[in-house]
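K.L.:
Turn this into a structure:
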Amino acid sequence: MVDTSKLLDQFLYDPQNPLLFNNGFFVFFFASFLLLYYCFRENVKARTYVACLFSLYFFYKASGYFVVLVIFSAIFDYVLSNLIYRQRSQSKKKALLILSIVVNVGLLFYFKYTNFFIGVCNDLFKAHFNPLNILLPVGISFYTFENLSYTIDVYKGEFKPIRRFDEYLLFLSFFPKLVMGPIVRAKDFIPQLSKPYYVSTEDFSKGFYLIVVGLFKKLVISDYITLNFVNYIFDDPSRYTGLECLFAMYGYAIVIYCDFSGYSDVAIGMARWLGIRIPSNFNLPYQSKNITEFWRRWHISLSNWLRDYIYIPLGGNRKGKIRAYSNQFATMLIGGFWHGASWNFIIWGALHGGALAFHKQWQQLFPSKKPIGYLQNALWIFITLNWVCFCWIFFKSATIDQSFAFIKQIFTKFDVSVFPVFFSHYKNVLAITLLGVAMHSTPASLIDKLCIRLQTAKLTTYIIIFVLSVFIYMQFKSAEPVMPIYLQF
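P.N.:
Purely as a prediction, here's the structure:
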């Protein structure tokens, strides 16, 4: 007989096994959602309700009763944005906007940064405040930024607030992008909800490609390198040679790219199957020729958000060179702190902020008037890549001491003679890393051609590819689940 209690437990939140795209239960969840969504495809309200209910349930399965926080945030900013829009007095509009910023940032601060500042106070004033038992709600950094962008856009008159609360709730809780982005703007997302449901063969094939490849990046490449190499080195770098630490630095660059871009690909692919377009979040970032270009290609939705809602309001480059450099540095400092309550993230943000200011000054001192050659282009890519990878050391390391121990090993314990032994121990890891490099380097034109070929494929072809993909995922599946990196943010 079927144990109904165990069956029902599958539908309840399990903190040891949160619902994510790489969870077996997600296949059942997404298939059920697609079936219902398709059944109500002709009724805009009904399909919105279905998407809302499934999105909230997904968030419950991913983070438990923190789903109430998403609902509260949606109600609060929905009401406040309409008040801002209807208010005639500019001073009252501004007061309501400040209230929105204070509440949204206040919630983020409480859950994410309270214990960090308790630790700072203890260190500075020799106090003995005990840290609070606060759990970080999944996705709070992402939907907080979406809430803020919405109320700010309404305040600036760039977007008329929507009348239907269910549409705003869906914008905020839409499950493909809720947990780890991309960060979506209401003015780009909400107008799509009222359009007739239509999924072209291009949408279906591109969505299928993004889902399959995104899961491959995460489950095969990122997880394998993480468990079999990167975590060992970063956990205690002083035990390893400089060569191993250097390869771990490059390995982590592939890990974080495949982990985060893989999850973004799956989110964008699933949205395509629902007739909703979410903009791309990555564009071959490690092929950037300078740090400015890198931030136009890496986590694009966050880069654009920081530019539009922090850098430009601070003054951008409108108030002189020194102020522009200061604004750029401050923006990246905030961006680093957004990632986590740790001095390591602040250092990471400061390093990128300093590099952005340096590059802007370099452009002004040495303006390029002619196209650069192939070798010079390769040199700039090499320099940019190595700077980005160096900064990843602070991003990945648990403490500042661990970061400097890692760097010390590279510069003081580097021994090329250990490479044959290193290669024999980690040849599979190196092969998977090279596969990750190849996937990162795949040009968009080649992907588009592949998706065009898929458009003419029969259903059996899709089924065969899906079954083979699942088989490959299972071969690499580890007993120890690897949570997505950006889940902690």
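
K.L.:
Okay, strands next: where are they in this protein?
P.N.:
Remark: no strands are assigned in the chain by DSSP state E.

K.L.:
Show me the longest helix that occurs in it.
P.N.:
When every helix of the chain is counted residue by residue (DSSP state H), the longest turns out to be helix 90-125.

K.L.:
Test my guess that residue 484 contacts residue 258.
P.N.:
No - Residue 484 lies out of contact with residue 258 (Cβ atoms under 8 Å); the separation is 10.7 Å. To be clear about C-beta, it is placed using only N, CA and C from the backbone, and glycine gets the same treatment.

K.L.:
which residues do these two both contact?
P.N.:
Jointly contacting residue 484 and residue 258 under the rule Cβ atoms under 8 Å, 6 or more residues apart in numbering are residue 218.

K.L.:
ok, the two, which is more surrounded?
P.N.:
Between residue 484 and residue 258, counted using other Cβ atoms under 10 Å, the more crowded position is residue 258 (31 against 19).

K.L.:
Run through the stretch 251-400 of the chain and note the low-pLDDT ranges.
P.N.:
Filtered on pLDDT under 70, the stretch 251-400 of the chain yields the residue ranges 369-371.

K.L.:
which stretches of it form helices?
P.N.:
291-297, 300-306, 312-314, 321-339, 343-365, 374-396, 400-412 (DSSP state H, counting those that start in this stretch).

K.L.:
quick one, which of the ones you listed is nearest to residue 240?
P.N.:
Closest to residue 240 of the helices of the stretch 251-400 of the chain is helix 400-412 (Cβ to Cβ; 6.5 Å).

K.L.:
With distance to residue 90 and mean neighbour count added, can I get the helices of the stretch 251-400 of the chain in TSV?
P.N.:
Written out in TSV, the entries for the helices of the stretch 251-400 of the chain read as follows (distance: least, Cβ to Cβ, whole Å; neighbours: other Cβ atoms under 10 Å):
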stretch	distance to residue 90	mean neighbour count
helix 291-297	34	19
helix 300-306	25	21
helix 312-314	16	14
helix 321-339	25	19
helix 343-365	33	18
helix 374-396	41	16
helix 400-412	45	16
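
K.L.:
With distance to residue 267 added, can I get those helices in JSON lines?
P.N.:
JSON lines is the format used below for the helices of the stretch 251-400 of the chain (distance: least, Cβ to Cβ, whole Å):
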{"stretch": "helix 291-297", "distance to residue 267": "18"}
{"stretch": "helix 300-306", "distance to residue 267": "11"}
{"stretch": "helix 312-314", "distance to residue 267": "27"}
{"stretch": "helix 321-339", "distance to residue 267": "19"}
{"stretch": "helix 343-365", "distance to residue 267": "23"}
{"stretch": "helix 374-396", "distance to residue 267": "22"}
{"stretch": "helix 400-412", "distance to residue 267": "31"}
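
K.L.:
The ones you listed: which one's closest to residue 190?
P.N.:
Comparing these by their distance to residue 190 (Cβ to Cβ), the top pick is helix 300-306, with 16.0 Å.

K.L.:
which ones are touching residue 147?
P.N.:
Contacts were defined as Cβ under 8 Å, 6+ apart; by that measure residue 147 touches 73, 77, 100, 104, 172.

K.L.:
hmm, back to that, right, and the helices of the stretch 251-400 of the chain - which one's nearest residue 124?
P.N.:
With Cβ to Cβ, the closest approach to residue 124 among those belongs to helix 343-365: 13.2 Å.

K.L.:
gap between that closest one and the chain center?
P.N.:
The chain centroid and the centroid of helix 343-365 are separated by 21 Å, computed with Cα atoms, centre = their mean, to the nearest Å.

K.L.:
Which secondary structure elements does that helix sit against?
P.N.:
helix 291-297, helix 321-339, helix 374-396, helix 400-412 (3 or more Cβ pairs under 8 Å, 6 or more residues apart in numbering; DSSP states H and E).

K.L.:
any chance of the ones you listed in CSV, plus distance to residue 265?
P.N.:
Formatted as CSV, these follow (distance: least, Cβ to Cβ, whole Å):
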stretch, distance to residue 265
helix 291-297, 15
helix 321-339, 21
helix 374-396, 20
helix 400-412, 30
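
K.L.:
of all these, which lies closest to residue 236?
P.N.:
Distance to residue 236, taken as Cβ to Cβ, is lowest for helix 400-412 among the helices and strands packed on helix 343-365, at 8.2 Å.

K.L.:
okay, now the domains of this protein?
P.N.:
Structural domains of the chain, as assigned by automatic domain parsing, span the residue ranges 12-193, 201-488.

K.L.:
residues contacting residue 30?
P.N.:
By Cβ under 8 Å, 6+ apart, the residues touching residue 30 are residue 270.

K.L.:
What distance do you get for residue 252 to residue 260?
P.N.:
12 Å (Cβ to Cβ, to the nearest Å).

K.L.:
Residue 165 too?
P.N.:
When Cβ to Cβ is the yardstick, residue 165 and residue 260 sit 31 Å from each other.

K.L.:
cool, and residue 150?
P.N.:
As defined by Cβ to Cβ, residue 150 lies at a distance of 24 Å from residue 260.

K.L.:
How about residue 276?
P.N.:
20 Å.

K.L.:
returning to what we had before: distance to residue 382 and pLDDT added to the contacts of residue 147, as JSON lines?
P.N.:
Conversion of those to JSON lines gives the following (distance: Cβ to Cβ, whole Å; pLDDT from 0 to 100):
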{"residue": "73", "distance to residue 382": "44", "pLDDT": "95"}
{"residue": "77", "distance to residue 382": "45", "pLDDT": "95"}
{"residue": "100", "distance to residue 382": "44", "pLDDT": "95"}
{"residue": "104", "distance to residue 382": "41", "pLDDT": "96"}
{"residue": "172", "distance to residue 382": "41", "pLDDT": "94"}
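
K.L.:
Show the buried residues in those residues.
P.N.:
Buried positions within the contacts of residue 147, assessed by neighbour count (16 or more other Cβ atoms under 10 Å), are 73, 77, 100, 104, 172.

K.L.:
from what I can see the third one touches residue 154, true?
P.N.:
No - look at residue 100 against residue 154 with Cβ under 8 Å: they stay out of range, at 9.3 Å.

K.L.:
what is in contact with these two at once?
P.N.:
Contact criterion Cβ under 8 Å, 6+ apart; residues bridging residue 100 and residue 154 by contacting each: 81, 84.
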